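[1] Provide a 3D model corresponding to the input given below.
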Amino acid sequence: MNVNDWILNDTASKVFPLYSRANVGEVFPDPITPLNATAGFLANLEPGWRDAYVDCRAWDHDLYDETVEHNPLVCFGGYLFINMSLMRLFGVRVPGFSPEAVDLQYFGDMPGIPSYESERRPFDDSPEWSEQAGAWLLSDVLGATGLDELDALRAEVEAIIAARPALCGLSDAELAERVTTTWAPLFRQLFRLHIVVSLKAGIGLGALAQVCGAIGKAELSLTLARGIGDVDSAGPSRVMWDLGRQVAGSAPLSALFDAGVDGLLDRLRAGTDADVVAFAARLGEFLAAWGFRGPNEWELRSPTWGTQPELALALIERVRLADASVAPAAALERGGAEREAAAAEVRALLAGNDEVLPQFEAALHAATLWCRGRERQRTTTAMLVHEQRLAALELGRRAVAAGRLDRPEQLFMLTADELASFAAGADFADLARDREATYLELFDLEPPFVVDGTPAPLSEWKRRSAAATAPVLGPGQSITGVPGCPGLARGVARVVLDPSDPSQLEAGEVLVAPITDPSWTPLFVAAAAVVVQVGSPFSHAAIVSRELGIPCVVSAGDCTTLIPNGAVVEVDGTSGTVTVVG
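    Down below sits the predicted model:
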């Protein structure tokens, strides 16, 4: 099969023509598999996203272009893209928001982005819909007091996990049903709420930035979003920190880790020393609680800390070498104190301003509440995705044992419709092999960050393997991105392209990455600063950096190629600059 014939290639909309990898690239850096597209992520997120816009009262379902397969989220060449035309339209219709604010949140300062004016439609401005969106903004975004709906869905998913039957006792058909249909309505609800909460977080941060900019204190907007606490994606880092401290404080454990990650899990489980036994037990508890987490965790095919514990051990190996002064709890306390000090400064400047001060308080509340909510909903969804994954892997392992597949992962090459037939005994071995070969070839394609209209044929996309050697920055030269977390740090730059192999990052170094998802978070603990090629103040890297209190620069251009690996750099998270100093 030729890559141009790949089965996951949507039709672009002529009405809403602008697409981007922004934000969705954090969740799906790699191509999506056919099973996940038809039974999991894309099958449920796209309709959930449609519902989300309607819930926000920006328009109704009649707006969507029914001549294309998908609207808010599309798949070109196996890679997922956000429809930025719809995001901009949301910015137009929500009072106080704007398409330019949307661009800043999703694109940062990336050059070459088509302007909104180049695609403005006659129906974009709508006083009627703006009035409804304004009412939603006041009541549901700025006036919200808690995360009750998110907490209820978390409890529902936790109940599903607690009630998980022994998968080995289920029939093939029952396993297939758990992957394709059992939770489809719940997934659509989870994804709908995830998008609603993400939109609310973006509005909150944007409103905070507007108030701070209006009083000449733009630099405080990110400080005001620091140390908010109870951010789910930072949770594993705190546990991994404690596990790393256990290793650092124990000679027997340190000796086992010093021997390398390969075979470490077996050595830990076979150990008889009291420290080793205690650590192994706590590690088991950690994997039971956070086993759904891992690189690209919303992709069913991706390994997680639970299915491949070595991934977690490799992160603990890095964390154990960090200095005790960078403990996440201490960083959270410092960030909280800085946030309160910044809030007090803004309140003092606004004293007596009975119009703007209430706006500031509402924006501050919304930004912190919904950033926390965004990470919570993302985590809840990942927990249920893992239930799908476990059922699919059990079915795949059975197929391998029966000689029907070469590897369990080949099961993800089937579509949802084909999975039911496969569970009934149909032969898909050759089809799975053929698709897998093409799917793996897609990894060599470099998807465009922005598509304005119909994307180029896949045969014309850049090949990663053919990339020419790029020039690098010399001493005194810098790149400028978007501030993600304020602060100044200096350290050795370490370019890490894959979180599953963090061994090259030493404690106190500057993490330079293409894009990050929650599985990268433990590396932030050991890093002096974080520099990310793609992202915005709204992205995962920025939110977690603010929670851990380390300088962060996002949307930093071609940082993974321009910044020499091993060079000493200075990261200014306040101005958004990264400078090579030696």
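
[2] Run through the helices of the stretch 51-200 of the chain in chain order.
    84-93, 99-107, 127-136, 148-162, 172-180, 184-214 (DSSP state H, counting those that start in this stretch).

[3] Please disregard the earlier target; I meant the stretch 451-582 of the chain.
    521-526, 540-548, 559-562.

[4] Quick one: closest of these to residue 415.
    helix 540-548 (29.4 Å; CB to CB). Glycine gets a C-beta too; all of them are placed from N, C-alpha and C.

[5] For that closest one, name the packing helices and strands.
    With contacts taken as 3 or more CB pairs under 8 Å, 6 or more residues apart in numbering; DSSP states H and E, helix 540-548 sits against helix 328-349, helix 356-401, strand 482-485, helix 521-526, strand 529-532, strand 552-554.

[6] most packed of those?
    strand 552-554 (a mean of 33; mean count of other CB atoms under 10 Å).

[7] Give me the average confidence score over that one.
    Averaging pLDDT along strand 552-554 yields 92.

[8] what's in contact with the longest strand along the chain?
    The longest strand of the chain (DSSP state E) is strand 488-495. For strand 488-495, contacts defined as CB atoms under 8 Å, 6 or more residues apart in numbering pick out 504-506, 508-513, 527-529, 531, 550-551, 560, 563-574, 580-581.

[9] With residue 200 as the reference, measure out to the nearest residue to residue 149 once chain neighbours are set aside.
    Nearest residue to residue 149, sequence neighbours excluded (CB to CB, 6 or more residues apart in numbering): residue 193, at 6.5 Å. Residue 193 is 10 Å from residue 200, where distance means CB to CB, to the nearest Å.

[10] Please convert the helices of the stretch 51-200 of the chain to JSON lines, extending it with mean pLDDT, mean neighbour count and distance to residue 22.
    Compiled in JSON lines, these are given as follows (pLDDT from 0 to 100; neighbours: other CB atoms under 10 Å; distance: least, CB to CB, whole Å):
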{"stretch": "helix 84-93", "mean pLDDT": "97", "mean neighbour count": "25", "distance to residue 22": "7"}
{"stretch": "helix 99-107", "mean pLDDT": "84", "mean neighbour count": "21", "distance to residue 22": "4"}
{"stretch": "helix 127-136", "mean pLDDT": "97", "mean neighbour count": "16", "distance to residue 22": "22"}
{"stretch": "helix 148-162", "mean pLDDT": "97", "mean neighbour count": "14", "distance to residue 22": "24"}
{"stretch": "helix 172-180", "mean pLDDT": "97", "mean neighbour count": "20", "distance to residue 22": "29"}
{"stretch": "helix 184-214", "mean pLDDT": "92", "mean neighbour count": "22", "distance to residue 22": "12"}
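
[11] Out of these, flag the one nearest residue 426.
    Of the helices of the stretch 51-200 of the chain, nearest to residue 426 by CB to CB is helix 172-180, at 11.2 Å.

[12] And the closest one, what does it pack against?
    Helix 172-180 packs on helix 34-39, helix 356-401, helix 416-423, going by 3+ CB pairs under 8 Å, 6+ apart.

[13] relative to helix 148-162, how tilted is the second one?
    To tie it back to what came earlier, the one meant is helix 356-401. Going by axes from the mean of the first three to the mean of the last three CA atoms, to 10 degrees, helix 356-401 is angled at 20 degrees with respect to helix 148-162.

[14] Return the distance of helix 356-401 from the chain's centre.
    9 Å (CA atoms, centre = their mean, to the nearest Å).

[15] Please apply the same query to the shortest one.
    The gap between where helix 34-39 is centred and where its chain is centred comes out at 19 Å by CA atoms, centre = their mean.

[16] What residues sit buried inside it?
    If you call a residue buried by 16 or more other CB atoms under 10 Å, then helix 34-39 has these buried ones: 34, 35, 36, 37, 38, 39.

[17] How confident is the prediction for residue 558, by pLDDT?
    pLDDT, read off for residue 558, is 85.

[18] my read: it touches residue 532, true?
    No: at 11.8 Å, residue 558 does not count as touching residue 532 under the criterion of CB atoms under 8 Å.

[19] What ranges in the protein fall below the confidence cut-off?
    Along the chain, the model assigns pLDDT under 70 to residues 1, 108-110, 467-470, 538.

[20] tell me the residue furthest from the middle of it?
    residue 352 (40.6 Å; CA atoms, centre = their mean).

[21] roughly how far apart are that residue and residue 214?
    15 Å.

[22] Then residue 401?
    65 Å.

[23] and which of the buried residues of helix 34-39 is nearest residue 324?
    residue 36 (40.7 Å).

[24] Okay then, goodbye and thanks.
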